[in-house]
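Engineer: For reference, the sequence and a predicted model appear below.
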Amino acid sequence: MPETTTNGHAQSFVGTRTIRPDGVDKVTGRARFGADFNLPGQLIGRVLRSPHPHARIVSIDTSKAEALPGVKAVVTRGDFPDQPSEFIPAGEMMMNYKDVVRNVMAREKALYEGHAVAAVAATSVAIARRALKLIDVKYEVLPHVIDVEEAMRPGAPLLHDDLFTVGVEPKPDKPSNVAKRIEIKQGDLAAGFKAADLVVEREFKTAPVHQGYIEPHAALATVSEDGTTELWCTTQGHYIVRAHCARLLGLDIGKVRVTATEIGGGFGGKTVVYLEPLAIALSKKAKRPVKMVMSREEVFKASGPTSGATVRVKIGVKKDGKFVAGFAELKYQAGAFQGSPVQPGVFCAFAPYDIENVHVVGYDVVSNRPKVAAYRAPGAPISEYAVESVVDEIAKKLDIDPIDLRMQNAAREGTKAAYGPKFGPIGLEETLNAIKKSEHWNAPLRKWQGRGVASGFWFNIGGETCVSLTVNEDGTVSLVAGTPDIGGLRASLAAVAADELGVPYDKVRPIIGDTGSLGFNFLTGGSRSAFSGSMAIVEAAKQIKSELCARACKLWEAKPEQVEFSGGAVRPLGALAEKVKPMTIADFAKVAGKTGGPIGGVGRINAQGAGPSFGTHLVDLEIDPETGRATILRYTVAQDAGRALHPAYVEGQYQGGAVQGIGWALNEEYIYGTDGKLQNAGFLDYRMPVASDVPMIDTVLVEVANPKHPYGVRGVGETPIVPPLGAIANAMEQATGIRFTELPMSPPKVLKALKEKGATKV
Amino acid sequence: MRYEAPNSVEGAVALLAGATGDARVLAGGTDLLVQMRADIVDPVLIVDIKKIPETRAITEERGGWRIGAAVTGAELKEHPKLKKAWPGVIEAANLIGSTQVQGRATMGGNLCNGSPAADSVPALIAAGAVATLAGPKGKRDLPVEDVMLGPRKLALEKGEIVVSFLLPARPLRSSDAYLRFIPRTEMDIAVVGAGVSLTVDGGGIVTAARVGLGAVAARVLLVSEAAQAIVGSRLDEAAQRRLEAAAKAVCRPIDDKRGTVDFRVDVAAVLTRRAALIAYDRARSN
Amino acid sequence: MAKHHIQAHVNGDEVEFLCETEDTLLDVLRDTLHLTGSKEGCASGDCGACSVMLDGRLVCSCLVLGCEVNGGKVETIEGMAEGEELHPLQRKFLEHAALQCGICTPGVLVASKALLERNNNPTETEVRYWLAGNLCRCTGYDKIVSAVMDTAAAMRKG
């Protein structure tokens, strides 16, 4: 628990709006992101990518490229040893090394337009581009399939002839594009529906969307003659990158040192490797550093967006509003290799509600698109959009206030979620109340305006985390964390360390260390970095405090019960206090060498006890009935943070997730031609919200402490993107009288629906 | 790739006429550089026309305005008199892209890029703007609606450049307006663009009108039927319906990633009517 | 063809550099002049992360050729602070937590500075439309807009 203040320092920093320690570099352009790193003598790497969505790679002739002056190395599938099938966790999803090696460099087949087929390293960009044109790849073009339902049909073009659906009985003897079927069950669904007074069933469709980080992937690798490898890359998990690269290239993990550069956004999309193994392989061959950066087009075509999906939801309810049965069937695209977020989608679908009888089925389906990567609460926005839409429809049909309906069925402490765990203290009700009490909820609406509400959930994770705290000779504290800072983490961690040790905030200097500096850290994802990092800091601080107490005892010839650490100092207790004065951390630092050596602590934990974060969003929008264009008028987010270590950065998570949700609901989608090629691989036609598209996003910080964390912290980063899709669809329904079951709700679709309904004069 | 920045029209013409291989004019660069980066074009010669005084000047001429082809949208917006005389043309030019793009983009480039979705072109056509071209055979004038023949197809001959536009003198009680439909509020290519310019008499009756429609056909259209639909009226309900019908009738749009055929036809009618009403209000208060 | 020899003013300093015709000003700033504060997000003028001032105009440096700036004046994010004194916008962005990952921040700051130099009392709508060419994926724009408006108010007070 945080030290209360006496002398030592005058205030607590956790929960205040401190200036982030890395801030000045970020507002002056000094901070170095992935593409800002350079090494003397470096070569430029570029990737040759398949123009076909599905093709057998018959042959690759790189001889002309290798002969071009200025080209120092070329790599293809032959440079990456095959990997046996093995599933490993990747963020909150699972991946298989056999697939990873094939995604990083195509082997037997090109499985999506943009799939890497070869890579070159050359002395200039111009030469690298010319070299790519000289690589002769012979393709046998195959029929392709993109849409998830089409990929599931018998007779659909087959991506992998060794993919047999797991989770169905009897086991299939023919391969298909369905990698697996999963399900969760609770109670007796049939009985539940039988007892229902009203049953609402709907089918929904969502399009694939990209995380949309503004910084493209970038990596810079240098390999020595003895195999020692240094890598700088923009990533959410440099230890994961190290593990993948070591595995794919047969290197000792200890010989690979990865530095996570500042990262320009990830949202889950930078939890996997793309360029890194290529840069290392090229550098090894060329015996020079190799720098690789993706273009924006490559980011869209070759890095994992999230799934497009079909979701069917059926909910049975009593006429007083009690939910008695919930069924959902989810079909998610995985892209070229298995591993869509269908499992978290299944788990989260009904999680905000206490329903006795639940059955959720999910299918993981491959198709000729880039392999999906995690996108902020992966899988949950899709399934919860569908459920929240049906809940809204139920509220209207039963004439029950949509917040009251949710409140009546809300998961609470003690509710057993259909996917297994029993919830501890949670804040869903508090967020519903916060919205109901808000000024927004009661503001009047005009014609063609609509208001929608939706709740959402993400379970959050903990995981392996190391943080070191070192007291420097002048009493300042160096903090080294191992989870890349994607949006203000260093500010939160510094505040926790300052409070734990009782030193001023600006005397704590946090950095993100490279992989050589600390033990293993799982990646920044799962809303875990502040939750786990702060826990590890408490451990590290404990070690320092106990060490300093031991040193004081030696100096003062005292017994352990005669001293205690508080307010930034070791204090003598009782009679001892008349003989000696307290010693601050800075005092100990001055005599560290003489009293036992350098002072520090390392928290090495596998953080447990992550608490789920629930949120409820409220949105007003207005439709132009003659064009179908929606304008977001007002938006409020209420979400449970447990304890907000830094309120401004927690608010920032709420606001950023809400706006990503607005884009997903209204305008973002991957648009494919019938040729299987992506038509909008740029920010012009992949339409993310711009500043003029959205209003201020009001936030309510609910704090229902997570009892399993020393400060009560819950992860907050992912939940914010879960409710917007449902909230906006519900607002659309109120504005137009039409239930939109397909995202995005772009103007042509809206106008068409209005016309069909006879609701517009157009 | 060669880069030249001549300081005279004749110099530019000579360079372009004499080029062997693909030669491109560089004004704002907001289309050319994107196309070069995407490997859509690979010119051997780039001729930067921004050092040619005639392409950068805004001058009054015979009661109208001569605007250089390489004047930027931002500069147009800052010209106080031009905005008052031709608010539609100015607002159209300033819808091209972001603030950053407006700092560079030009009407000459917008027209010569050859996209039927260009924002400034429907407004220029509605205004009755005339482009002055210069080429190896000398100077000639061409109404703007005759410059763009189709996607990336211009009526320019080898070595010809657009030097400037002339916006004609305006009778009293005239004004214009431009509206476009985009799914977001900024940054999108127009799904439909409608420019309307009109004159009213003392009694509020429309005495002259021109309508330009963009992104609904292979070229930007001058829609005389739409103009006829409102001349002689006070833009009452019946006239508005006639206007909408005329706009719909000329649309020959495509289905693409930005809009469907049906959507473009419907919205073309809506925007033409709305732009006409705005121009009408502006004209009456002029 | 030989490279172009260009002389320009960058952040108040006289610079000289060589560049190919197809090198953009952004390429030159980052790779030749080693001013990596301006970022490449898209190379097509759609994200604003490369925003700089060129001869007093806010532009995307990815849409300007290096050889076009001969004799010109370029101002980048690196020139925004005055010595150790941050520009009020930079200070307010930190106070308001108007950045999360920070990749869009240089472009947003350069664009915001250009706005406040033209209009010292912008409305929220004016700020949003001026910044429409600066994509941010982290913040949802709320704190960016607050920081800009707060800076305008502070600068008006003097």
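Structural biologist: Structure's in. What do you need?
Engineer: hey, let's count contacts and neighbours off CA atoms from now on
Structural biologist: Fine.
Engineer: Checking the residue lying closest to A:Phe457 once chain neighbours are set aside next. Helix, strand or coil?
Structural biologist: Distances taken as Cα to Cα, 6 or more residues apart in numbering or on different chains place A:Phe614 nearest to A:Phe457, at 4.7 Å, with adjacent residues excluded. With DSSP: H, G, I helix; E, B strand; the rest coil as the basis, A:Phe614 sits in strand.
Engineer: What parts of the stretch 201-350 of chain A come near chain C?
Structural biologist: A:212-216, A:262-265, A:295-297 (Cα under 8 Å from any Cα of the partner chain).
Engineer: okay but the residue nearest to A:Phe457 is in contact with A:Ser455, surely?
Structural biologist: Yes. With contacts counted by Cα atoms under 8 Å, A:Phe614 reaches A:Ser455, the gap being 7.3 Å.
Engineer: Now list whatever residues contact both of the two.
Structural biologist: Here A:Phe614 and A:Ser455 have A:352, A:428 as joint contacts, going by Cα atoms under 8 Å, 6 or more residues apart in numbering or on different chains.
Engineer: about what we covered before: next up, the contacts around the residue nearest to A:Phe457.
Structural biologist: A:352, A:426-428, A:431, A:455-458, A:639-640, A:719.
Engineer: what about 7 Å?
Structural biologist: Taking Cα atoms under 7 Å, 6 or more residues apart in numbering or on different chains, we find A:Phe614 in contact with A:427-428, A:456-458, A:639-640, A:719.
Engineer: Those in strands, which ones?
Structural biologist: A:456-458, A:639-640 (DSSP state E).
Engineer: ok, so of the residues of the stretch 201-350 of chain A next to chain C, who is nearest chain B?
Structural biologist: Nearest to chain B among these is A:Glu297, at 9.1 Å by Cα to the nearest Cα.
Engineer: got a pLDDT number for the closest one?
Structural biologist: With respect to pLDDT, A:Glu297 scores 98.
Engineer: Next: the one 10 residues further on.
Structural biologist: Per-residue confidence (pLDDT) for A:Ser307: 97.
Engineer: List the contacts of whichever residue of the stretch 51-200 of chain B sits closest to chain A.
Structural biologist: Proximity to chain A, evaluated over the stretch 51-200 of chain B using Cα to the nearest Cα, is greatest for B:Thr185 at 5.7 Å. Counting by Cα under 7 Å, 6+ apart, B:Thr185 makes contact with A:692-693.
Engineer: helix or strand for it, which one?
Structural biologist: Assigned by DSSP states H and E, B:Thr185 belongs to no helix or strand.
Engineer: in the chain, which helix or strand is least confident?
Structural biologist: If you meant another chain, say so; for now it's chain A. In chain A, no helix or strand scores lower on mean pLDDT, DSSP states H and E than strand A:87-90, which sits at a mean of 78.
Engineer: that's the wrong chain, I wanted chain B
Structural biologist: Scoring the helices and strands of chain B by mean pLDDT, DSSP H and E places helix B:80-85 at the bottom, with a mean of 92.
Engineer: how distant is it from the center of its chain?
Structural biologist: 17 Å (Cα atoms, centre = their mean, to the nearest Å).
Engineer: Can you show me the CA trace of it as CSV?
Structural biologist: C-alpha atoms of helix B:80-85 as CSV (Å, rounded to 0.1, in the frame of the first residue of the first chain):
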residue,chain,number,x,y,z
PRO,B,80,-10.8,38.8,-49.9
LYS,B,81,-12.4,40.0,-53.1
LEU,B,82,-12.3,36.6,-54.9
LYS,B,83,-14.1,34.9,-52.0
LYS,B,84,-16.9,37.5,-52.2
ALA,B,85,-17.3,37.2,-56.0
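Engineer: Now do the buried residues in that helix.
Structural biologist: For helix B:80-85, the neighbour count (16 or more other Cα atoms under 10 Å in any protein chain shown) marks B:82, B:85 as buried.
Engineer: which other residues reach the next helix or strand after it?
Structural biologist: Per DSSP H and E, the first helix or strand lying C-terminal to helix B:80-85 is helix B:87-93. Under the contact criterion Cα under 7 Å, 6+ apart, helix B:87-93 has outside partners B:73, B:76-77, B:83, B:107, B:119-120, B:123-124, B:176-178.
Engineer: Show me which of those are buried.
Structural biologist: B:73, B:76-77, B:107, B:119-120, B:123-124, B:176-178.
Engineer: got the residue ranges for the strands in the stretch 1-150 of chain B?
Structural biologist: Taking DSSP state E, counting those that start in this stretch to define them, one finds strands in the stretch 1-150 of chain B at B:2-4, B:23-26, B:45-48, B:58-61, B:64-68, B:130-135, B:138-143, B:148-150.
Engineer: my bad, should have said chain C
Structural biologist: C:4-10, C:13-19, C:51-54, C:57-60, C:73-75.
Engineer: Same list (these) but as TSV, adding mean neighbour count, distance to chain A and mean pLDDT.
Structural biologist: Shown next, in TSV, are these (neighbours: other Cα atoms under 10 Å in any protein chain shown; distance: least, Cα to the nearest Cα, whole Å; pLDDT from 0 to 100):
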stretch	mean neighbour count	distance to chain A	mean pLDDT
strand C:4-10	17	15	98
strand C:13-19	14	13	98
strand C:51-54	26	12	98
strand C:57-60	27	14	98
strand C:73-75	21	13	98
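Engineer: As JSON lines, those strands with distance to B:Ile40 would be great.
Structural biologist: Putting the strands of chain C into JSON lines (distance: least, Cα to Cα, whole Å) gives the following:
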{"stretch": "strand C:4-10", "distance to B:Ile40": "24"}
{"stretch": "strand C:13-19", "distance to B:Ile40": "22"}
{"stretch": "strand C:51-54", "distance to B:Ile40": "24"}
{"stretch": "strand C:57-60", "distance to B:Ile40": "20"}
{"stretch": "strand C:73-75", "distance to B:Ile40": "29"}
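Engineer: would a markdown table of these with distance to chain B be doable?
Structural biologist: Listed next are the strands of chain C as a markdown table, based on distance: least, Cα to the nearest Cα, whole Å:
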| stretch | distance to chain B |
| --- | --- |
| strand C:4-10 | 9 |
| strand C:13-19 | 11 |
| strand C:51-54 | 7 |
| strand C:57-60 | 4 |
| strand C:73-75 | 14 |
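Engineer: quick one, which of those strands is nearest to A:Gly237?
Structural biologist: A:Gly237 lies closest, by Cα to Cα, to one member of the strands of chain C: strand C:51-54, at 29.4 Å.
Engineer: Please name the nearest non-neighbouring residue to A:Ile182.
Structural biologist: Spatial nearest neighbour of A:Ile182, excluding adjacent residues (Cα to Cα, 6+ apart): A:Gly362 at 5.2 Å.
Engineer: which element is that neighbour on?
Structural biologist: In the assignment (DSSP H and E), A:Gly362 maps to strand A:358-366.
Engineer: mean confidence score for the top strand by length along chain A?
Structural biologist: Longest strand in chain A, counting residues (DSSP E): strand A:323-335. When pLDDT is averaged along strand A:323-335, the result is 98.
Engineer: Partner strands of that strand and their direction?
Structural biologist: strand A:309-317 (antiparallel), strand A:358-366 (parallel) (DSSP bridges).
Engineer: taking those together, which one is wrapped up most tightly?
Structural biologist: strand A:358-366 (a mean of 26; mean count of other Cα atoms under 10 Å in any protein chain shown).
Engineer: average model confidence for that one?
Structural biologist: Across strand A:358-366, pLDDT averages out at 98.
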